[in-house]
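Student: can't give you the sequence, but here's the structure:
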């Protein structure tokens, strides 16, 4: 289970998305707490939302599975009559989204779940937001974090040295969004880094 600080961080930056309001960028149609239909399967979506949406709503929203970027933007207006309640959003977040991204984080950063709970939770926020890919220059800090954690697991250097190194790599990611009107991502990276630095 994610720490309270990590949950608060994710909820602060994700908010509650409505399917008619496309988030922009490479996102797909997004509902609830960052549940992106562009990056899920029909089976996952149906399983996770069937107790919160009508069969008709499930069928209609399923037509957005796999759509991203401008294709998702063009689809969003079709869902103006579908509203996601806060209770439904938080329920799916706790029962489906958190377990999925905890698992993805452990795969991306083996041994990360042995870090203090707040540090692991901040990494879950990072992977939830950016995905687990390690390929290309845009992901070089992700690879560095993986190496730092692998070294910590193998050699057990003090956390007082390890956690600041992880935080520094998260701050380094800001290079990707500075000057591009994505201040929310800059604030999120800073919040994740800060939680990691303070983790005990």
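Tutor: In hand now; what should we look at? Everything numeric here is computed off the predicted structure, so don't read it as measured data. Residues are numbered from 1 along each chain as shown.

Student: which ones are touching the closest residue to residue 91 other than its chain neighbours?
Tutor: Nearest residue to residue 91, sequence neighbours excluded (Cβ to Cβ, 6 or more residues apart in numbering): residue 52, at 6.8 Å. All C-beta spots, glycine's among them, are computed from the backbone N, C-alpha and C. Counting by Cβ atoms under 8 Å, 6 or more residues apart in numbering, residue 52 touches 84-85, 88, 91-92.

Student: residue 42 too?
Tutor: Residues in contact with residue 42 (Cβ under 8 Å, 6+ apart) are 62, 65.

Student: same deal with residue 30?
Tutor: Neighbour list for residue 30: 17, 19, 22-23, 36-38 [criterion: Cβ under 8 Å, 6+ apart].

Student: the residues you listed in strands, which ones?
Tutor: residue 36 (DSSP state E).

Student: any idea which residue is closest to the centre of this structure?
Tutor: residue 128 (1.7 Å; Cα atoms, centre = their mean).

Student: I figured it was touching residue 35, is that so?
Tutor: No - the criterion here is Cβ atoms under 8 Å, and residue 128 misses it with residue 35 at 10.5 Å.

Student: any residues in contact with both of the two?
Tutor: The contact sets of residue 128 and residue 35 overlap at residue 97 (Cβ under 8 Å, 6+ apart).

Student: ok so, going back, tell me the secondary structure of the residue nearest to residue 91, please.
Tutor: coil (DSSP: H, G, I helix; E, B strand; the rest coil).

Student: I am finished for the moment; much appreciated.
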